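In: Predicted coordinates and the sequence they were generated for:
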Amino acid sequence: MAPPRRLKRVAVSQPGFLTLNPKVAPADLVSRRRKRVNKNKKKNWNKYSDVQDVEEFLEDVRHQERTTGGLLSEKSDDSLFFLDAGQPKKPEPKEAAEPVERKKRKGRSSRPLRIDLILQQDSLVAPPKDVLAHQKPNAKKLRRAAQRVEQLAAKGVVPRSQKRLLNSQPVDRKVKKAETQANNNPERDFYDIWEQEPKESGDPWYLQQTGKKLVKRPEKLNEKPSVLPAVEVIAAGGSYNPDFFSHQALLQEAHEVEVKKKKEEDKIEKQLAYNKDDRATEETILREQVEGLVEEESEEEEEKEETPKDDGEEVAAGAIAVADKKTERQRKKEKAEKMKEKQRLAERRQTEQQQQLFQLRSIKTSIKQQEEKTKIRQKRRKAKEEAQKAQPRRLGKLKFQPQHMEVQLSDELAGSLRQLKPEGSVLTDRFKSLQKRNLIEPRERAKFKRRLKVKYVEKRAFREIT
């Protein structure tokens, strides 16, 4: 059987339990065993210490600061007490001969609303100081810069920025602004809103800085990248009913293109070709291996025999090199010979310059010939540049490949447009034209590379049929 104290604690803890005293909560009736705590440890000080009296004192201090602006004990008596002398006497109204109109109360219009009074700050505690509001970015750097300027000014040194301001031209503040003319003025200039270029009015520098002035287009952008026309007219032999000679000329041109391609292919095949009789056999391979072994053995024996001789030669050469040390007399003699050689060359150069005076006629002739050669080279270079303007430039890693010529053979010619068989593609022709005129770079179709292998699965329906 459970003890009666435990049954009482369980009954009181039930949610439906009522007490006789409404001020007493059911949880207060449950007697809890006091927990034994070691207060020598710092972590238990705040957890198990009763600080209610301290919190009440601090709350009272905060309340006094909000309401009176400080502690009452620190206030003076004049600020806390006043002398009650009763209600002031009202002055007697004077008798008015004529009735005076009532004036409106001045304070009624300026009286604040109740909602504004509620939202007003009623605390007398000063707001905390905003530290960030008084901080300046790079304050330390700016302070040092100001100190440096003061030091330079004390020495009489003027900063560069101050020099620029002193040397700059003064702005004329007395210039009057241009007055806008009235719309109904008959002498006003006519302005067409549909003209190509907008009419500029005002200071050009102001228009340029504000972005209203149009930027001058560079002349290089007006030049076309190629002198070729956008649509090239095909030769007369490409017509649906061409002349015989013009058609043969076009066929000859296409034939030359094919012959050139054939020559390039034959050249590559010739470079890659080899004689089948020159292939190595087992007998030739074995003979080469044996010959190499014999030669290596004979070379090793010769090296062994020649080794002692070489050492003797090196010793002798070293002895000779040590013995061939120049004396002071030999060095002086070589120095004198070098000075004589320099003097002889200087005299020879002077003699040649004197002899050139008698060769003025031949020198003039050589200069004229050189100038003529230079002019010829300039003409060739200019002609080459003009020819290159009609050729496609190298804009990317790929080289431009011209389009295949669209030519019909003699038996494929049609006498009318109804029987004409179309050749080529308009889209390909336009694409190649853009490449040829250096508007886009030559390109290739992207190659699709499958990353994953294709997996074939045999379905159930397929097995039932087979």
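Out: Received, thanks. Numbering: from 1, shown residues only.

In: Check the gap between residue 421 and residue 235 for me.
Out: Separation of residue 421 from residue 235 (Cβ to Cβ, to the nearest Å) stands at 18 Å. Backbone N, C-alpha and C define where each C-beta goes, glycine included.

In: the more surrounded of those two?
Out: Between residue 421 and residue 235, counted using other Cβ atoms under 10 Å, residue 235 has the larger neighbour count: 15 against 9.

In: Go ahead and confirm that one touches residue 248.
Out: No: using Cβ atoms under 8 Å, residue 235 is not in contact with residue 248, being 11.4 Å away.

In: Strands of the stretch 251-400 of the chain, residue ranges please.
Out: Taking DSSP state E, counting those that start in this stretch, the stretch 251-400 of the chain contains no strands at all.

In: again, but for the stretch 101-250 of the chain
Out: Counting by DSSP E, counting those that start in this stretch, the stretch 101-250 of the chain contains no strands.

In: residue boundaries of the helices in the stretch 1-150 of the chain?
Out: For the stretch 1-150 of the chain, the helices defined by DSSP state H, counting those that start in this stretch occupy 4-12, 26-29, 52-68, 77-80, 106-109, 114-119, 131-134, 139-155.

In: what's near enough to touch the residue nearest to the spatial centre of the chain?
Out: Geometric centre of the chain, nearest residue: residue 396, 22.8 Å, by Cα atoms, centre = their mean. Residue 396 sits next to 441, 442, 443 when contact means Cβ atoms under 8 Å, 6 or more residues apart in numbering.

In: Quick check: chain neighbours aside, which residue is closest to the last one?
Out: Read that as residue 443. Spatial nearest neighbour of residue 443, excluding adjacent residues (Cβ to Cβ, 6 or more residues apart in numbering): residue 398 at 6.9 Å.

In: do you know how far the one you found is from residue 424?
Out: Taken as Cβ to Cβ, the span from residue 398 to residue 424 is 21 Å.

In: picking up where we left off before, would you mind giving the helices of the stretch 1-150 of the chain as CSV with mean neighbour count, mean pLDDT and distance to residue 405 added?
Out: Output for the helices of the stretch 1-150 of the chain, formatted as CSV (neighbours: other Cβ atoms under 10 Å; pLDDT from 0 to 100; distance: least, Cβ to Cβ, whole Å):
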stretch, mean neighbour count, mean pLDDT, distance to residue 405
helix 4-12, 11, 54, 109
helix 26-29, 12, 59, 106
helix 52-68, 11, 88, 100
helix 77-80, 8, 85, 112
helix 106-109, 7, 56, 98
helix 114-119, 8, 88, 90
helix 131-134, 6, 79, 79
helix 139-155, 10, 91, 74
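
In: Just send those helices back as TSV, with distance to residue 268 too.
Out: What follows is those, written out as TSV (distance: least, Cβ to Cβ, whole Å):
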stretch	distance to residue 268
helix 4-12	105
helix 26-29	103
helix 52-68	99
helix 77-80	112
helix 106-109	105
helix 114-119	93
helix 131-134	78
helix 139-155	71
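
In: Which residue ranges of the stretch 151-300 of the chain form helices?
Out: 160-167, 204-209, 244-272, 282-323.

In: The shortest one: which residues count as buried?
Out: Put plainly, it is helix 204-209. By neighbour count on 16 or more other Cβ atoms under 10 Å, the buried set for helix 204-209 is empty.

In: what about that helix, average pLDDT?
Out: Averaged over helix 204-209, pLDDT sits at 73.

In: start the count at 57, not 1, going forward
Out: Shifting the count to begin at 57 puts that one at helix 260-265.

In: Packing partners of it?
Out: For helix 260-265, there is no helix or strand it packs on, judged by 3 or more Cβ pairs under 8 Å, 6 or more residues apart in numbering; DSSP states H and E.

In: Check whether residue 100 really touches residue 93, as I assumed.
Out: Yes: using Cβ under 8 Å, residue 100 makes contact with residue 93 at a distance of 5.4 Å.

In: just to revisit the earlier point, indicate which one of the helices of the stretch 57-206 of the chain is closest to residue 285.
Out: Across those, residue 285 has its closest neighbour in helix 195-211 (64.0 Å, Cβ to Cβ).

In: Tell me which residues touch residue 120, please.
Out: 126, 127, 128.

In: How about the secondary structure of residue 485?
Out: Counting by DSSP: H, G, I helix; E, B strand; the rest coil, the backbone at residue 485 sits in helix.

In: Number of residues surrounding it?
Out: When neighbours are counted by other Cβ under 10 Å, residue 485 comes out with 13.

In: Which of the helices or strands spans the residue nearest to it when sequence neighbours are not counted?
Out: Closest residue to residue 485 apart from its sequence neighbours, by Cβ to Cβ, 6+ apart: residue 459 at 6.7 Å. Using DSSP states H and E, residue 459 sits within no helix or strand.

In: Tell me if I'm right that residue 459 and residue 490 touch.
Out: No: Residue 459 is not in contact with residue 490 according to Cβ under 8 Å; the separation is 11.8 Å.

In: how far away is residue 170 from residue 178?
Out: Relative to residue 178, and taking Cβ to Cβ, residue 170 is found at 14 Å.

In: now residue 455
Out: Relative to residue 178, and taking Cβ to Cβ, residue 455 is found at 87 Å.

In: How about residue 274?
Out: Separation of residue 274 from residue 178 (Cβ to Cβ): 70 Å.

In: and what of residue 277?
Out: Remark: distance between residue 277 and residue 178 (Cβ to Cβ) = 71 Å.

In: ditto for residue 278
Out: Distance from residue 278 to residue 178, by Cβ to Cβ: 76 Å.

In: try residue 471
Out: Counting by Cβ to Cβ, the separation of residue 471 from residue 178 is 109 Å.

In: same question, residue 194
Out: On the measure of Cβ to Cβ, residue 194 and residue 178 end up 41 Å apart.

In: isn't residue 181 right up against residue 122?
Out: Yes: at 5.8 Å, residue 181 counts as touching residue 122 under the criterion of Cβ under 8 Å.

In: what pLDDT, on average, does stretch 430-442 get?
Out: On average, stretch 430-442 scores 94.

In: Dump it to CSV, keeping only the CA atoms.
Out: Only the C-alpha atoms of stretch 430-442 are listed here, as CSV (Å, rounded to 0.1, in the frame of the first residue of the first chain):
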residue,chain,number,x,y,z
THR,A,430,62.1,51.2,-104.2
LYS,A,431,59.3,52.7,-106.3
ILE,A,432,58.8,49.4,-108.1
ARG,A,433,58.6,47.5,-104.8
GLN,A,434,56.1,50.1,-103.5
LYS,A,435,53.9,49.6,-106.6
ARG,A,436,54.1,45.8,-106.3
ARG,A,437,53.2,46.0,-102.6
LYS,A,438,50.3,48.4,-103.3
ALA,A,439,49.0,46.1,-106.1
LYS,A,440,49.4,43.1,-103.7
GLU,A,441,47.4,44.9,-101.0
GLU,A,442,44.6,45.8,-103.5
